[in-house]
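Colleague: Compute the structure for the input listed below.
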Amino acid sequence: MAKLWTFRDTPGCVDPDSWFCLEYSLFPEHSFEMHFHDFTEIVIVRHGHGLHLFEDRKYALAAGDVFVITPNEVHGYDDIEGLDLCNIMFDFKRFDISDSDLQHLPGFHALFHLEPAFRLERGLTSKFRLSKEQMLHLFHNLVAPLEEEYRDRPPACESMMHAYLTLVIGYLSRNYVEQATPASPELLGLSRVRSFIESNYQDDISLQDLADIACMSKNTLLRAFTKYYGGSPIKYLIHYRLTKASDLLREGNSSVTDVAYAVGFSDSSYFARQFQKAYRLTPREFRKRAT
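Modeller: The predicted structure follows:
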């Protein structure tokens, strides 16, 4: 039976009640128990090799491999020989990047959202693997100062940890796009679509526009996007526009019509219908409750 792990269960964790933990794990043993946790974990294989057990599948691991474990995903390790891991663990809810363009990077969506889903749904066997030069840069310039802030806890360490973690995620996300793997075209195609929507939601966007960005046919994009995001690309576009509209309505400075146009709706009546369908309140009722 899988065991629940929290920051408090992690050996050497500096502050079990914090949002962040960094730990190096050396597994000389043959296997490591199946477990899950309530935080996000970036795993970087420094040395050695073994098998990563994920649900009912097995994936070979080697130096340079990077993968993300999302909360509540059951995993473990087997057939280990000198497996040396860097585990960067954090609470995404408290690591706020909502105002950052980091989340608009296609590699970010692929690494943190799509690849975990592909592992579960399709048994993804392709790898995101850093070269020796990339590993040296990552650990020397980004992970080492992040670890120093975390271990020594100097003044303003929380802000510095947030900054260095942002740099780590940004570096991994950028390099993910440059990796050529069998699953990359579909993963990155879907990621480019989501990134484009979130960066250009105010514009007039058609399904054909998104299919061109994904380098897929419209039907292929519809099937793939619906499978991994739970709805069509246009449905996601409308949802994202409505989320941005709710933020503007909370501010209370613009008319409903102006809000509709600001987030990309060309028809304020259509906007009002979609908003009421999503929030079960009219835009005006939502504003009254929110302000």
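
Colleague: Going by C-alpha atoms from here, please, whenever you check contacts or count neighbours.
Modeller: Noted.

Colleague: Give me the residues contacting stretch 83-98.
Modeller: Applying Cα atoms under 8 Å, 6 or more residues apart in numbering, the set of residues contacting stretch 83-98 from outside is 19-28, 38-50, 103, 162.

Colleague: In strands, which of those residues fall?
Modeller: 20-27, 40-50 (DSSP state E).

Colleague: Can you say which of the residues you listed are buried?
Modeller: Among the ones in strands among the contacts of stretch 83-98, those classed as buried by 16 or more other Cα atoms under 10 Å are 20-24, 26-27, 40-50.

Colleague: got the contact list for Asp15?
Modeller: By Cα under 8 Å, 6+ apart, the residues touching Asp15 are Cys21.

Colleague: switch the cut-off to 10 Å
Modeller: Going by Cα atoms under 10 Å, 6 or more residues apart in numbering, Asp15 touches 7-8, 21, 150-151.

Colleague: tell me, what residue is most central in the chain?
Modeller: Note on the chain: the residue nearest the mean C-alpha position is Phe112, at 2.9 Å, using Cα atoms, centre = their mean.

Colleague: quick one: that residue and Arg119, what's the gap?
Modeller: Phe112 sits 12 Å away from Arg119 when distances are taken as Cα to Cα, to the nearest Å.

Colleague: now the helices: where do they sit in the stretch 1-150 of the chain?
Modeller: Ranges of helices in the stretch 1-150 of the chain, per DSSP state H, counting those that start in this stretch, are 106-109, 115-122, 132-137, 144-152.

Colleague: These: which one's closest to Gly82?
Modeller: Gly82 sits nearest to helix 132-137 of all the helices of the stretch 1-150 of the chain, at 18.0 Å, using Cα to Cα.

Colleague: Show me what that closest one packs onto, helices and strands only.
Modeller: Counting contacts by 3 or more Cα pairs under 10 Å, 6 or more residues apart in numbering; DSSP states H and E, helix 132-137 packs against strand 40-54, helix 157-178.

Colleague: Counting neighbours, which bits of it end up buried?
Modeller: In helix 132-137, counting by 16+ other Cα under 10 Å, buried: Met135.

Colleague: Any chance you could list what contacts it?
Modeller: Here helix 132-137 has contacts from 44-46, 63-65, 129-131, 138, 140-143, 171-172, 175, using Cα under 10 Å, 6+ apart.

Colleague: how far is that helix from where the chain is centred?
Modeller: In terms of Cα atoms, centre = their mean, to the nearest Å, the centre of helix 132-137 is found 22 Å from the chain centre.

Colleague: Distance check, Ser268 against Ile88.
Modeller: Distance of Ser268 to Ile88, computed by Cα to Cα: 45 Å.

Colleague: now do Tyr261
Modeller: Computed as Cα to Cα, the Tyr261 to Ile88 distance reads 41 Å.

Colleague: Counting neighbours, go ahead and name the busier of the two.
Modeller: Using other Cα atoms under 10 Å, the more surrounded residue of Tyr261 and Ile88 is Ile88, with 21 against 16.

Colleague: Quick check: nearest residue in space to the residue nearest to the centre of the chain, chain neighbours excluded?
Modeller: Closest residue to Phe112 apart from its sequence neighbours, by Cα to Cα, 6 or more residues apart in numbering: Val68 at 6.2 Å.

Colleague: so who does the one you found touch?
Modeller: 40-44, 87-89, 111-113, 115-116.

Colleague: Pairing partners for it in the sheet, please.
Modeller: Counting by DSSP bridges, Val68 is bridged to Ile42.

Colleague: What distance do you get for it to Tyr201?
Modeller: Taking Cα to Cα as the measure, Val68 and Tyr201 are separated by 28 Å.

Colleague: Asp9 too?
Modeller: Computed as Cα to Cα, the Asp9 to Tyr201 distance reads 42 Å.
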